[in-house]
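Chemist: Model the following, please.
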Amino acid sequence: MTDPGPLLMVRGMSPRLGFALLIALGLTGGVAAAQPSLQGGVQRDPGAQAALEMPRTEAVPATEAPDEDEVFGREMDFYDPSGHALRSFHDALRATQSDEDPRKARVLVYGASHVAADFFTHVLREQLQQRFGDAGHGFLMPARPWRRYRHLGGLSVESNRPWDALRVRASTRDVDHLGVAGLAVESDDRRAFGRIDTGDQVASQFAIMYLEQPGGGSFDVRLDGRRVARVATAAEEIGAGWRLVTAAEARHVLEIRPRGDGPVRLFGVSVEREQPGVIVDNLGINGARAVSHLYWNPELHTEYLRRLSPDLVVLAYGTNESGDDGHPIETYEEELRAVVGRVRGAVPQAACMLIGPSDRPMRGEEGEPVDRPRTHQVVEVQRRVSRDMGCAFFDLVAFGGGPLSMVRWAEADPPYAQRDHVHYTGRGYLRLGEVLHDAMLEGFDETPRFDPPAAVAAGPRP
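Modeler: Reported below is the predicted structural model:
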């Protein structure tokens, strides 16, 4: 396994204990950079200059400890004037514990670099699974769409050079076939391979998503070194390919190899267990904006959303949009409503949550950090859209302590934010995950139990 990143929070370890290990090894000063370039492949999207990506920072010395008097990350609830924005998600969590027909509950998290780092989503995954059951890791790309692509929890993704990575460019308005995550990897080279190693986790289901297309090639699926399927992607029309591979529950290595007889476009793999519990899918893309959803082929996107059948869809965007001063805020609101409308139309049974932009100071005339007015405009838009469309809303600026809070977080010893005054360090993301988890379960134990709706999903369909 090469370049795994800080994969140190292992199964059965609490986020605090895992993070203590990170601190001891001096790895929490920042999150490893998630670069947009593919591992030797064609770089389809170098990203706009304004796109924010996770920078590298120096490690924190293991001897440092946070000031006990400092409080980073307010404990706060979601903005939810309806009072029931997360009710269907809570119903799904209860269904995981049903005595008669226990099921899976699924959370899909979209977003930019805050999500792509897989720090706070890892905390959510671990804490929800500890209470409600582990139904598997969930979504992964089968080949690296950028060089440092990785998820936490012990799994790894490896691939070689002959892959193209596809995603929406910041400057394009062309609709493309990009599956459920807005990402794809493609190759027609029989030397190409993509490999998912579940590491110290176990799995028994692998749902492979790919493009059916005229002239499409075929690929072999190998599990633990043995070929278990040969999949033809050629079809008369464009379609959402789906192949479910099952096996005994164990640690597995899944490998996909194009046969070189035509282009093979892969959208992702859902790594699951055939048992009740929670899945938290991380679908983050560095530098992404919410409007990118509108340039993913809607038929494919809708089909995959329905197959995965999430119980909660999280849209964590806004930090990149806070720098788009030339883009009218009214247009941004129209676009965001369209994105939320698409998701709600595709999976109306799912609860919806928006996570707003982080505090993002800009430089004043003397080089000092000053507040960014556009951030507050984006926050107010997301608050309105969440209210009007029945979603919960989490205000990251308020979570941090208000405008310019990123300066205090970055200057703390040890730091909770990075020197770019945009991203958190590992400690900051850990705190965000803890607060989000508690807010997501606010009112869960007090709500009277009742039979969950039949629409609650049992997992991926064959």
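Chemist: and the gap between residue 357 and residue 115?
Modeler: Distance, residue 357 to residue 115, using Cβ to Cβ, to the nearest Å: 13 Å. C-beta coordinates here come from the backbone N, C-alpha and C atoms, glycine included.
Chemist: between the two, who's got more neighbours?
Modeler: The neighbour comparison of residue 357 against residue 115 (other Cβ atoms under 10 Å) goes to residue 357, with 27 against 23.
Chemist: Can you check what pLDDT the model gives the more buried one?
Modeler: As summarised for this prediction, residue 357 has a pLDDT of 97.
Chemist: same thing with the one 3 residues further on?
Modeler: If you check residue 360, the pLDDT there is 94.
Chemist: Same question for the one 5 residues further on.
Modeler: As summarised for this prediction, residue 365 has a pLDDT of 84.
Chemist: Please identify which helix or strand holds it.
Modeler: For residue 365, there is no host helix or strand (DSSP states H and E).
Chemist: ok, it - how many residues close by?
Modeler: Residue 365: 6 neighbours (other Cβ under 10 Å).
Chemist: what's the spacing between it and residue 305?
Modeler: In terms of Cβ to Cβ, residue 365 sits 47 Å off from residue 305.
Chemist: tell me how far the helix or strand harbouring residue 314 is from the chain's mean position?
Modeler: Secondary structure assignment for residue 314, by DSSP H and E: strand 312-316. Remark: strand 312-316 is offset 9 Å from the chain centroid, using Cα atoms, centre = their mean, to the nearest Å.
Chemist: Show the average pLDDT along the helix or strand following it.
Modeler: On the C-terminal side of strand 312-316, the nearest following helix or strand under DSSP H and E is helix 329-346. Confidence for helix 329-346, expressed as mean pLDDT, is 98.
Chemist: what about the helices in this protein?
Modeler: Using DSSP state H, the helices of the chain run over 15-24, 87-95, 113-116, 120-132, 298-308, 329-346, 373-388, 396-400, 405-411, 426-440.
Chemist: Show me the contact partners of stretch 336-352.
Modeler: With contact meaning Cβ atoms under 8 Å, 6 or more residues apart in numbering, stretch 336-352 is reached by 85-89, 290-291, 293-294, 298, 301-302, 305-306, 309-313, 315, 354, 381-382, 385-386, 388-392, 453, 455-456.
Chemist: Apply 6 Å and report the result again.
Modeler: Residues from elsewhere that reach stretch 336-352 (Cβ atoms under 6 Å, 6 or more residues apart in numbering): 86, 88-89, 290, 293-294, 302, 305, 310-313, 385, 389, 391, 455.
Chemist: Neighbouring strands - and their directions - for the top strand by length along the chain?
Modeler: If you go by DSSP state E, the chain has its longest strand at strand 239-250. Using DSSP bridges, the strands paired with strand 239-250 are strand 203-212 (antiparallel).
Chemist: Check what contacts the strand it pairs with and list those residues.
Modeler: Outside strand 203-212, the residues touching it (Cβ under 6 Å, 6+ apart) are 136, 177, 179, 233, 235, 239, 241, 243-247, 249, 252, 254, 265-274, 460.
Chemist: Most neighbours among the contacts of stretch 336-352, please name it.
Modeler: Highest neighbour count within the contacts of stretch 336-352, by other Cβ under 10 Å: residue 311, with 29 neighbours.
Chemist: now it, nearest residue through space, not along the chain?
Modeler: residue 92 (3.6 Å; Cβ to Cβ, 6 or more residues apart in numbering).
Chemist: tell me the pLDDT at the one you found?
Modeler: pLDDT recorded at residue 92 is 97.
Chemist: Number of residues surrounding it?
Modeler: 29.
Chemist: where does it sit relative to residue 135, distance-wise?
Modeler: Distance, residue 92 to residue 135, by Cβ to Cβ: 11 Å.
Chemist: Also residue 187?
Modeler: 30 Å.
Chemist: So which of these two has more stuff around it?
Modeler: It is residue 187, of residue 187 and residue 135, that has more neighbours when counted by other Cβ under 10 Å, with 28 against 24.
Chemist: can I assume the more buried one is in contact with residue 162?
Modeler: Yes. The criterion here is Cβ atoms under 6 Å, and residue 187 meets it with residue 162 at 5.1 Å.
Chemist: what's near enough to touch residue 442?
Modeler: Here residue 442 is in contact with residue 77 (criterion: Cβ under 6 Å, 6+ apart).
Chemist: Please renumber the chain so that the first residue is 34 from this point on.
Modeler: Renumbered: residue one is now 34, and that last one reads residue 475.
Chemist: so what's it scoring on pLDDT?
Modeler: Model confidence at residue 475 (pLDDT) stands at 92.
Chemist: bridging residues for the one residue sitting closest to the centre of the chain?
Modeler: By Cα atoms, centre = their mean, the chain has its centre lying nearest to residue 315, at 2.4 Å. The partner list for residue 315 in beta bridges (DSSP bridges) reads residue 142.
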